[in-house]
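A.B. asks: Here's my sequence, what's the structure:
(one chain, ligands or ions: 2)
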Amino acid sequence: MIYTCTIAPSIDYTAYLSEFESGKLNRTTEVYYYPGGKGINVSRVLKRLGIPNKALGFVGGFTGRYIEGYLKNEGVDSDFIETAEVTRINVKIKSATETELNGPGPELTADQLAALTKKVRDMNEYDWFVLAGSLPSTIGPDYFLELATICQTKNIRFVLDTSGPMLNSILTTPVFLVKPNQQELGELFDVDITNLTDVYHYARKLVDSGTEHVVVSMGGDGAMLVTKDTALIANAPNGKVVNTVGAGDSLVSGFIAAYATHGDAAQAFRFGVASGSATAFRSDLCEKEDVETLLDQIEVYPFEEKDVTK
Ligand SMILES: Nc1ncnc2c1ncn2[C@@H]1O[C@H](COP(=O)(O)OP(=O)(O)OP(=O)(O)O)[C@@H](O)[C@H]1O
Ligand SMILES: O=P(O)(O)OC[C@@]1(O)O[C@H](CO)[C@@H](O)[C@@H]1O
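C.D. replies: Numbers count the residues shown, from 1 in each chain. Ligands and ions are numbered 1, 2, ... in the order given. Predicted coordinates:
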């Protein structure tokens with residue numbers, strides 16, 4: 001079974017307007033209330049790609065109920081731990097540019113955290129555990145290291161899509177897949193990454209320290225996959241960008257869906273990039289048909305440092 005885990009879910013209040021001016025009254029023309037948080041997005045896309053999975057994490061209050069109900073309606077299985085706190089609402093403003101206002105994650109009690117640990121302990125060999133989204137600093141890295149160690153001991157594939165200082169400490173344990181975007185990769189090493197050679201160099205460092213698959217997403221410039229044996233580049237297809245929120249999460253879903261089906265990293269990478277772009281070209285997350293339509297436009301080729309033009 002594939003389990004996703006969102007420590008800090010959200011309702012993504014997504015508002016479209018032709019022009020947005022900060023400090024003024026702006027009127028929106030179209031609004032949506034999507035269940036959000038990176039793990040939840042991964043679960044929703046996996047379901048659309050026909051891959052059974054279960055969304056874990058913490059939800060509470062009226063927003064928590066909304067998220068649970070929405071997922072149930074879509075046929076996405078969930079098993080959230082209840083919090084006393086109301087789950088956050090993240091505001092996504094879509095005008096000429098994309099502006100985001102993300103709320104803080106929940107403060108979790110020792111009992112709530114222990115309940116999640118138990119769920120991970122109860123997982124089986126070859127299950128997947130996808131920890132995605134921000135990890136509140138109030139929890140401390142030891143907790144996540146414990147989850148990672150359980151995965152290692154039980155041979156559970158551990159996938160990480162998070163950022164910030166916690167990522168640094170978790171990456172000291174073996175991880176099956178990590179997907180930083182270019183900026184997050186730079187933050188990990190406290191450098192500014194501006195070219196493909198650097199993307200390769202720092203992704204390779206993660207592989208050398210034990211991560212099996214590193215996918216660095218680069219928005220409209222596509223993505224790079226680095227493993228022990230290979231380094232590949234994929235272009236992103238051209239299309240009209242509508243909403244890039246969840247594009248990175250969709251890349252993770254596409255990668256997992258294809259890898260779980262074929263066990264081939266290059267194929268998974270290509271399907272992942274198609275999934276990311278398919279989401280960028282819609283308001284909500286991608287559907288399977290969108291991904292399949294884009295697949296032919298994704299070229300995957302070996303990264304050669306000598307060929308770098310970027
Ligand atoms: N402008 C774009 N045009 C085409 N594809 C895009 C565009 N932006 C994103 N994508 C697709 O989505 C993938 C992930 O995008 P990105 O690097 O923006 O992820 P991210 O920063 O993790 O996003 P998020 O956190 O919003 O999910 C890219 O590798 C690409 O396939
Ligand atoms: O605040 P975090 O946890 O870093 O990110 C949360 C979030 O921005 O990520 C998803 C898109 O990737 C959205 O659904 C959600 O609002």
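A.B. asks: Spell out for me which residue occupies the centre of the chain.
C.D. replies: residue 249 (3.2 Å; Cα atoms, centre = their mean).
A.B. asks: got a list of what that one touches?
C.D. replies: 38-39, 41-42, 45, 132, 161, 279, 285 (Cβ atoms under 8 Å, 6 or more residues apart in numbering). All C-beta spots, glycine's among them, are computed from the backbone N, C-alpha and C.
A.B. asks: Excluding chain neighbours, what is closest to it?
C.D. replies: Once flanking residues are discounted, residue 249 sits nearest to residue 41: 3.7 Å by Cβ to Cβ, 6 or more residues apart in numbering.
A.B. asks: Say whether ligand 1 is contacted by the helix or strand where that neighbour lies.
C.D. replies: Per DSSP states H and E: residue 41 is located in helix 38-48. No - using Cβ under 6 Å from any ligand atom, we find that helix 38-48 stays clear of ligand 1, coming within 6.7 Å at best.
A.B. asks: same check, this time on stretch 133-140
C.D. replies: No - against ligand 1, stretch 133-140 shows no contacts by Cβ under 6 Å from any ligand atom, the least distance being 9.1 Å.
A.B. asks: And the contacts of that stretch?
C.D. replies: Contacts of stretch 133-140 (Cβ under 8 Å, 6+ apart): 6-9, 37-39, 102, 104-108, 113, 144, 161-166.
A.B. asks: Narrow those to those that are buried.
C.D. replies: When the contacts of stretch 133-140 are checked for burial by 16 or more other Cβ atoms under 10 Å, the buried set is 6-9, 37-39, 102, 105-106, 108, 113, 144, 161-163, 166.
A.B. asks: What about those, which are in strands?
C.D. replies: Among the buried ones among the contacts of stretch 133-140, the residues falling in strands (DSSP state E) are 6, 161.
A.B. asks: buried stuff in the helix holding residue 41?
C.D. replies: 38-48.
A.B. asks: Equivalent analysis for stretch 90-107, please.
C.D. replies: 90, 92-95, 102, 105-106.
A.B. asks: Show me which pair in those residues is furthest apart.
C.D. replies: Across those, the longest distance by Cβ to Cβ is 29.8 Å; it joins 95 and 106.
A.B. asks: Low-confidence ranges, this structure, go.
C.D. replies: 306-310 (pLDDT under 70).
A.B. asks: Of all residues in it, which one is closest to ligand 1?
C.D. replies: residue 248 (2.1 Å; Cβ to the nearest ligand atom).
A.B. asks: does stretch 81-97 come close to ligand 2?
C.D. replies: Yes - Stretch 81-97 is in contact with ligand 2 by Cβ under 6 Å from any ligand atom, via residue 90.
A.B. asks: can that stretch be found next to ligand 1?
C.D. replies: No - interface with ligand 1: stretch 81-97 contributes nothing (Cβ under 6 Å from any ligand atom), its closest point being 9.5 Å away.
A.B. asks: That stretch: how far from the chain's middle?
C.D. replies: 16 Å (Cα atoms, centre = their mean, to the nearest Å).
A.B. asks: Endpoints of that stretch, how far apart?
C.D. replies: Distance across stretch 81-97, first residue to last, is 35 Å (Cα to Cα, to the nearest Å).
A.B. asks: Residue 172 - how many residues pack around it?
C.D. replies: For residue 172, the tally of surrounding residues (other Cβ atoms under 10 Å) stands at 12.
A.B. asks: That one touches residue 209, doesn't it?
C.D. replies: Yes - using Cβ atoms under 8 Å as the test, residue 172 is close enough to residue 209 to be in contact (7.5 Å).
A.B. asks: Stretch 157-170 close to ligand 2?
C.D. replies: No - if you take Cβ under 6 Å from any ligand atom as the test, stretch 157-170 misses ligand 2, and the best it gets is 6.7 Å.
A.B. asks: no, scratch that, I was asking about stretch 57-67
C.D. replies: No - Stretch 57-67 lies out of reach of ligand 2 by Cβ under 6 Å from any ligand atom, never closer than 10.5 Å.
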